[in-house]
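Asks: structural data only, the sequence is not supplied:
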C-alpha cells in the first residue's frame with residue numbers, strides 16, 4: 001500500500017537503514033532518547049502522588065489542581081507547528097538540548113513553591129520541551145532497524161520513570177518535607193539530558209548525509225517546501241488524523257488513571273495517602289514491563305491485531321478496578337491495565353511512521369504527539385471537574401470510554417504500509 005503523491009523508494013534501501021551500532025554513536029543516541037523519556041515518566045507520574053499534598057498546600061480542589069494538565073497540553077500544542085522548523089534550523093542535537101532547557105526552566109516555580117498560577121504556567125514550558133524531544137525521538141527510533149523493539153525500549157524508559165516517580169514523590173511528601181523538593185531531582189536530570197543529548201546527536205545529519213532520511217529531507221528542502229505546506233500535508237493525511245485521535249484517547253486514559261486513581265482510592269476506598277500513593281507505581285511498573293517484554297510480540301504477530309487485544313484486555317481490568325471494592329485487588333488489576341497499555345504506544349508509532357512518507361514523518365509525529373498531550377490534559381482535567389461534582393469514580397467510565405475511542409480509530413487506520421527500505 002502506498003501513500004499518494006510520494007515518490008517510490010529504491011528497492012535496495014533496506015541496506016541503508018541505520019542500526020544500533022552503525023553509525024557507532026547510535027547506541028548513545030538511543031540512550032539519550034531513553035533518558036529523556038525516563039524524565040518524562042518522572043514528570044507525568046508524580047502528580048498522581050502529589051495532588052493530595054498540592055491541594056492541601058494551596059487550599060484548592062480537584063477542579064483547580066487539574067489546570068496543571070491544561071498548561072502541559074498548551075505547551076505541546078504550541079510546539080507542534082514548530083518542531084520540524086526548529087529541527088531544520090538547529091539540527092537534532094541543539095533541538096533536543098533546547099527541549100531539555102525548556103523543561104528545566106519549568107521546574108523553577110515548583111522548586112520555589114511559587115503561587116499556583118506560576119505552577120500552571122511552568123507546565124507550559126515543560127509541555128513545550130517534552131513535545132520537541134518526543135517528536136524527534138519517535139522518528140529517530142522508528143527509523144532504526146528492529147524499530148518496534150527500539151521504540152519499546154524508549155517508551156519503556158518512560159515507564160521506568162513513571163514507576164520510580166510516585167515512589168520518590170510519596171516518600172518525600174510523606175516524610176514531612178515540602179512536596180516541591182521532588183523537582184530538584186527532575187531539574188538535575190533535565191540539565192544532564194541537555195548535555196548528553198547535545199553530545200550524542202552532534203553531527204547526526206552529517207553521518208546520514210546521502211542516507212535515506214536526510215537525503216529525502218534535503219531533497220524536500222531543495223524543492224522549496226516550507227513548514228506551512230508540510231503541516232498542511234500532514235493534516236490532510238488520514239494516518240495523522242486518526243493517529244492523533246488515537247493517541248489523544250490513549251494518553252488521556254493513561255494520564256487520567258495515573259493522575260486520579262490515588263484520589264479515587266482515598267475518597268472512595270478510604271485509603272491512607274502515604275500507603276496508596278505507591279499504587280500508581282504498580283501501574284507504571286506494568287507499563288514498563290509491557291513495553292520491554294510485550295512490544296517484540298507485537299512485531300511478530302502484527303501490530304494492528306496486537307493493539308486490539310491489548311486495549312480490550314485493559315478495558316476489562318479497568319472495569320475490575322472500578323467494581324472490586326478491595327484496595328489490594330484494585331492495585332493488582334491496575335498493574336495489569338498498565339501491562340496491557342504499555343506496548344500500545346510503541347506499536348502505534350511503528351504503524352504511523354511506516355504509513356507516513358519520510359517527508360511527513362517529523363511534522364506528522366509532532367502533530368500526533370501534540371494531540372496526545374492534549375488528551376493527557378483534557379481527559380484528566382474533565383475528570384477533575386466531574387470528580388468535584390459527582391465523585392472520583394468518574395475516572396473509570398471516562399477511561400473505558402477512551403479505550404473504545406482508541407478501538408474505533410484503530411479500525412480506521414490503514415493497514416501497515418509495506419516499505420522496501
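Replies: Received the coordinates, thanks. As the structure is a computational prediction, the values presented were derived from the model and not from experiment.

Asks: quick one: least confident helix or strand in the protein?
Replies: helix 212-222 (a mean of 40; mean pLDDT, DSSP states H and E).

Asks: residue 319 and residue 401 touch, don't they?
Replies: No. Counting by Cβ atoms under 8 Å, residue 401 is not a contact partner of residue 319; they are 11.9 Å apart. All C-beta spots, glycine's among them, are computed from the backbone N, C-alpha and C.

Asks: mind listing what's buried in the helix or strand harbouring residue 252?
Replies: Element membership for residue 252 (DSSP states H and E) is helix 238-269. Residues of helix 238-269 classed as buried by neighbour count (16 or more other Cβ atoms under 10 Å): 239-267.

Asks: which helices and strands does whatever helix or strand comes next after that helix pack with?
Replies: Reading on from helix 238-269 to the C-terminus, the next helix or strand found by DSSP H and E is helix 273-276. For helix 273-276, the packing partners by 3 or more Cβ pairs under 8 Å, 6 or more residues apart in numbering; DSSP states H and E come out as helix 147-174, helix 238-269.

Asks: and the ones you listed: which comes nearest residue 333?
Replies: helix 238-269 (10.6 Å; Cβ to Cβ).

Asks: what is that closest one packed up against?
Replies: By 3+ Cβ pairs under 8 Å, 6+ apart, helix 238-269 packs against helix 26-58, helix 273-276, helix 279-289, helix 327-341, helix 344-355, helix 358-390, helix 395-412.

Asks: still on that earlier bit, now the angle between helix 344-355 and the helix holding residue 252, please.
Replies: Using axes from the mean of the first three to the mean of the last three Cα atoms, to 10 degrees, the inter-axis angle of helix 238-269 relative to helix 344-355 is 170 degrees.

Asks: angle of helix 238-269 against helix 279-289?
Replies: 150 degrees.

Asks: how about residue 52, what does it touch?
Replies: Residues near residue 52 by Cβ atoms under 8 Å, 6 or more residues apart in numbering: 262, 263, 266, 273, 277.

Asks: my guess is the fourth one contacts residue 174, does it?
Replies: Yes. With contact defined as Cβ under 8 Å, residue 273 counts as touching residue 174 (7.3 Å).

Asks: now residue 145: phi and psi?
Replies: Backbone geometry at residue 145, expressed as degrees, to the nearest 10, gives phi -70, psi 150.

Asks: got CSV for the helices and strands packed on helix 238-269, with mean pLDDT too?
Replies: Below are the helices and strands packed on helix 238-269 laid out as CSV (pLDDT from 0 to 100):
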stretch, mean pLDDT
helix 26-58, 88
helix 273-276, 72
helix 279-289, 86
helix 327-341, 90
helix 344-355, 84
helix 358-390, 76
helix 395-412, 91
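
Asks: out of the ones you listed, nearest to residue 153?
Replies: Closest to residue 153 of the helices and strands packed on helix 238-269, according to Cβ to Cβ: helix 26-58, at 6.3 Å.

Asks: check which residues of the closest one are buried.
Replies: Result for helix 26-58 [16+ other Cβ under 10 Å]: buried residues 26, 29-54.

Asks: mind pulling up the pLDDT for residue 316?
Replies: At residue 316, the model reports a pLDDT of 94.

Asks: do the same with residue 5
Replies: Reported pLDDT for residue 5: 37.

Asks: residues in contact with the closest residue to residue 405 other than its chain neighbours?
Replies: Nearest non-adjacent residue to residue 405, counting by Cβ to Cβ, 6 or more residues apart in numbering: residue 249, 4.1 Å away. Residues near residue 249 by Cβ under 8 Å, 6+ apart: 375, 402, 403, 405, 406, 409.

Asks: now the first one: how far from residue 102?
Replies: For residue 375, the distance to residue 102 equals 21 Å [Cβ to Cβ, to the nearest Å].

Asks: repeat that for the third one.
Replies: Between residue 403 and residue 102 the computed distance is 32 Å (Cβ to Cβ).

Asks: can you tell me what sits against stretch 144-151?
Replies: Counting by Cβ under 8 Å, 6+ apart, 17-20, 26, 30, 138, 141-142, 295-296, 298-299, 303, 345-347, 349-350, 353 sit against stretch 144-151.

Asks: can we see that at 7 Å?
Replies: 17-20, 30, 141-142, 295-296, 298-299, 346-347, 349-350 (Cβ atoms under 7 Å, 6 or more residues apart in numbering).

Asks: quick one: buried ones out of these?
Replies: 17-18, 20, 30, 141-142, 295, 298-299, 346-347, 349-350.

Asks: out of these, flag the one nearest to residue 85.
Replies: residue 142 (20.3 Å).

Asks: nearest spatial neighbour of that closest one, skipping sequence neighbours?
Replies: Closest to residue 142 by Cβ to Cβ, 6+ apart is residue 353, at 3.8 Å.

Asks: that neighbour and residue 140 touch, don't they?
Replies: No. Taking Cβ atoms under 7 Å as the definition, residue 353 is not a contact partner of residue 140, at 10.4 Å.

Asks: follow-up on the earlier one: looking at the helices and strands packed on helix 238-269, which is closest to residue 168?
Replies: Shortest distance between residue 168 and these, using Cβ to Cβ, is found for helix 26-58: 8.0 Å.

Asks: chain center to that closest one: distance?
Replies: From the chain centre to the centre of helix 26-58 is a distance of 10 Å (Cα atoms, centre = their mean, to the nearest Å).

Asks: got the angle for it vs helix 147-174?
Replies: 30 degrees.

Asks: neighbours of residue 322, how many?
Replies: 18 (other Cβ atoms under 10 Å).

Asks: shouldn't it be in contact with residue 398?
Replies: No. Using Cβ under 7 Å, residue 322 is not in contact with residue 398; the gap is 10.7 Å.

Asks: OK, contacts around the closest residue to residue 276 other than its chain neighbours?
Replies: Closest residue to residue 276 apart from its sequence neighbours, by Cβ to Cβ, 6+ apart: residue 265 at 4.4 Å. Residues near residue 265 by Cβ under 7 Å, 6+ apart: 271, 276, 279, 327.

Asks: among the residues you listed, who's most crowded?
Replies: So for these (other Cβ under 10 Å), the most neighbours sit at residue 279, 25 neighbours.

Asks: gap between the residue lying closest to that residue once chain neighbours are set aside and residue 383?
Replies: Leaving out its chain neighbours, the residue that sits closest to residue 279 by Cβ to Cβ, 6+ apart is residue 331, at 4.8 Å. Distance from residue 331 to residue 383, counting by Cβ to Cβ: 19 Å.
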